[in-house]
Structure formats: C-alpha cells, structure tokens
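A.B. asks: coordinates for the following, if possible.
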Amino acid sequence: MEYVRYFVANRHLLLIPLCVCLLSILGLLTLSSASLSFVGSNYLLKQCLWFAISLPACVVALFFPLNFLRRWAGAIAILGIILLAAVLIPGIGLSINGSRRWISLGLFNFQVSEFAKLALILSMADNLSRKEETVGRWWYGFLRPAIPLAIYAGLLLLEPDYGSTFLFLSVGFGLLFIAGIPLRLFLSCGALAGLLFAIFIALNPIRLGRILSFFDVESTKLTGSYQLWQGLVGFNSGGLFGLGLGNGRQQLFYLPEAHTDFIFPVLAEELGYSFALLVLLAYAVIFAVAWRESYRIHNPFFFLFANGIGMFLGIQAIVNLSVVMGLFPTKGMALPLVSYGGSNLIFVFILLGLLLNCLRSAYFEKPSVENCH
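C.D. replies: Prediction:
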C-alpha cells in the first residue's frame, strides 16, 4: 500500500516506465527490419526472450534492499575485476572481431563489462559516501574510490574496448565531481587520464585510423568511414515520415551492425525524423526526471548510486546517437533499450530498477543532518 501512495504522490515518475516502454517497442519494431539481412538469425525472437528475462530482473531490482547490496559492495567490485581479467585469458574469454569482451555460457555470450558497470558505481558510491568529511584528502577523498576506476579502465583497454573505457572514465570522474573532490585533483587527474587514453589510441592503428577517417568521411566512405556513411545515407533517405517498416534499404547488407550499434539510422530511415525525434525526447525525459528526483534523496550513498546509474545510461545513449549521426568517431556501443543484445538489455533493466529504487528512498526516508549530501 505504501508503494501505491508513493506513485500517487509522484505521478511524474511514471514518465520513466512509459518512456522505457516506448523505446522498447520501437526497438523491437526496428529490429524486425534490421535483422532481415540475417536469414535464420531469429534476432527478434531472441530479443523478445531477453525482454522476458529483463522485466522480472527489473522488478527484483526495484524492491531489492539497497543497504544489503551496499554491504557487499567490496565483494561485488572484486568480482567485477576478476571477470574483466578472466575475459582476457584464452579459453575463457571469447574473441570476436579482435576483441575479448565476452565469456561463453553455452546458450549465450555474457559481456562482462555490463556487470562491471554495476560493480563500479556501487563501489564508488560506497567509498565516496562513507567519509564525506575527508572528501578533500588524497587517500579517502580521491585515491581510494579512484583505484577501482583505474583498474577497470586498464582492463577494458586490454580487451580492447575503448568505448567502454571512455564510458567508465566519464562516469567515474562524474561521481568524483558530484562528491565534491577538490577541483585541482579533478582537473589534474582528468588531464592525466585523457593523456593516457590518447596515447593508447595513438598506439593502436585500427582506432587511430577510425579517428582519422572521421575527419574526412566522404573521402573514406568506401573504407574507414563506410559504416558511418551508410548510416548517414539512411538518415537522409527517411525524410519526415520514413519509408515504412520493412521498406528500408540500409539493413539489406549495406549497413554493418544494423541490428546493434547502428540501429538508430534504420529507425530513422523506416519511421522518419518524427520517430527519431521521439526517441531523443524519450531519453531526455528519462534522464531529466531521474536527475531532478535524485536531488530529493537525503542518503548520500543512494544519491551517488542513482546519479552513477543515470550517467551510465545517459552517456551511453549520447555516445551511440552521436556516433551514428557523425558527431563522434565510430565506436561500438549499444543504444540502451533499442539495440539487440542480451547482456546489455538485462543490465539496463536492472540499473533502471535500482534507479527507481533509489528515487523511492527519497519518499520513505526522513532527512537527517548526517545523511544530507
């Protein structure tokens, strides 16, 4: 009964599940077309099965005791490091397109970086909220919570997964900034992380080639920028109302990864700019409502945890949309709730459930002096 009163008192929070449903439906509709070129793939059926698993996982996360989860934050962080290290071991990690990001579990491949997202924000939120009075000190305020971030980023670089490395660093430094670390530490360590990241890219010919191609898309449209060029062609073909479901051309062997990273151009081509803008609006509503409500949370751990979840989902969506629209260099990163993929979908729903769980705490928990952030 108390949960009914909560949603009655906070009806605007229903915008989050409504937008999630809208994005999920549009994703399934687009996937039905985007997978046409993969005969016998059954991507649509598999994605429906992933939704059948993800929805109960979201409900469990919504009602899971967050303080219990916090007590195991250290163990979960260590497990995330072990999994990221294990994926680099031949025979355990599965190599696809030159990257080791998955562990084969027989029926499906598990992408360990999805679990690592939860492990990182849980660990950092726990560390940053334990000793708020020492937030300006080198060890308790910065180094202790930043150590897991550095380890996770280093292991992701070894896979290599530069997109996830950028995502993890962005969220990690975002949490440090929100927690109130001194600006000198934030800027100096952020510059160092950016320099090291740039060096790794410069030493990797494939990633460096992608960036160089990005600055001259038209001249490299048949080589390094082929995928981006085909995505832009899809955007240009759709117009305001699109060509209609199943009538698009880009997913018919023209656009690689049309069912995963580049599903948004397929949506824009078949449903038009109107639905593409609707997708952007749905993401904006989710993150605007979540960000606004997070500032009603009095518990510092819940506050940081909720903001970490919001940043992971928001930055991932921004990066994917920016890549397919030619604003960022090409990098494989799924579009939350829309792209095909089991591991990503399950953990997106888990994170959404935990986010709503944190926001609900603002209604039931009474503020106190020691809890105010």
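A.B. asks: how about low-confidence regions in the protein?
C.D. replies: Counting by pLDDT under 70, the chain contains low-confidence ranges at 1-10, 34-41, 131-141, 221-222, 224, 250-254, 257, 362-373.
A.B. asks: show me where it has strands.
C.D. replies: Assigned by DSSP state E, the chain shows strands spanning 93-96, 99-104, 109-111.
A.B. asks: in TSV, list those along with distance to residue 304.
C.D. replies: Every C-beta, even on glycine, is put in place using the N, C-alpha and C of the backbone. Shown next, in TSV, are the strands of the chain (distance: least, C-beta to C-beta, whole Å):
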stretch	distance to residue 304
strand 93-96	31
strand 99-104	27
strand 109-111	25
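A.B. asks: for these, which one sits closest to residue 65?
C.D. replies: Residue 65 lies closest to strand 109-111 among the strands of the chain, at 25.2 Å (C-beta to C-beta).
A.B. asks: circling back: in a markdown table, list the strands of the chain along with mean neighbour count and distance to residue 81.
C.D. replies: Formatted as a markdown table, those follow (neighbours: other C-beta atoms under 10 Å; distance: least, C-beta to C-beta, whole Å):
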| stretch | mean neighbour count | distance to residue 81 |
| --- | --- | --- |
| strand 93-96 | 15 | 14 |
| strand 99-104 | 18 | 14 |
| strand 109-111 | 18 | 16 |
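A.B. asks: near the residue nearest to residue 322 when sequence neighbours are not counted, how many other residues are there?
C.D. replies: Nearest residue to residue 322, sequence neighbours excluded (C-beta to C-beta, 6 or more residues apart in numbering): residue 328, at 4.2 Å. Around residue 328 there are 19 other residues, counting by other C-beta atoms under 10 Å.
A.B. asks: surely residue 328 touches residue 319?
C.D. replies: Yes - Residue 328 is in contact with residue 319 according to C-beta atoms under 8 Å; the separation is 6.4 Å.
A.B. asks: about what we covered before: ok, the residue nearest to residue 322 - contacts?
C.D. replies: 214, 319, 322 (C-beta atoms under 8 Å, 6 or more residues apart in numbering).
A.B. asks: chain neighbours aside, what residue packs nearest to the second one?
C.D. replies: Pointing back at residue 319 there. residue 333 (5.3 Å).
A.B. asks: roughly how far does the one you found sit from residue 79?
C.D. replies: 23 Å (C-beta to C-beta, to the nearest Å).
A.B. asks: the two: who's more crowded?
C.D. replies: Neighbour tally, residue 333 and residue 79, criterion other C-beta under 10 Å: the higher count belongs to residue 333, 27 against 15.
A.B. asks: what ranges do the helices span in the stretch 151-300 of the chain?
C.D. replies: For the stretch 151-300 of the chain, applying DSSP state H, counting those that start in this stretch gives helices covering 162-179, 183-202, 205-214, 226-238, 263-294, 300-324.
A.B. asks: in TSV: those, plus distance to residue 44 and mean neighbour count.
C.D. replies: What follows is the helices of the stretch 151-300 of the chain, written out as TSV (distance: least, C-beta to C-beta, whole Å; neighbours: other C-beta atoms under 10 Å):
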stretch	distance to residue 44	mean neighbour count
helix 162-179	25	21
helix 183-202	36	13
helix 205-214	30	16
helix 226-238	19	21
helix 263-294	12	20
helix 300-324	20	23
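A.B. asks: and those: which comes nearest residue 144?
C.D. replies: helix 162-179 (11.2 Å).
A.B. asks: and that closest one, what does it pack against?
C.D. replies: Contacting helix 162-179 under the criterion 3 or more C-beta pairs under 8 Å, 6 or more residues apart in numbering; DSSP states H and E are the following elements: helix 112-130, helix 144-158, helix 183-202, helix 300-324.
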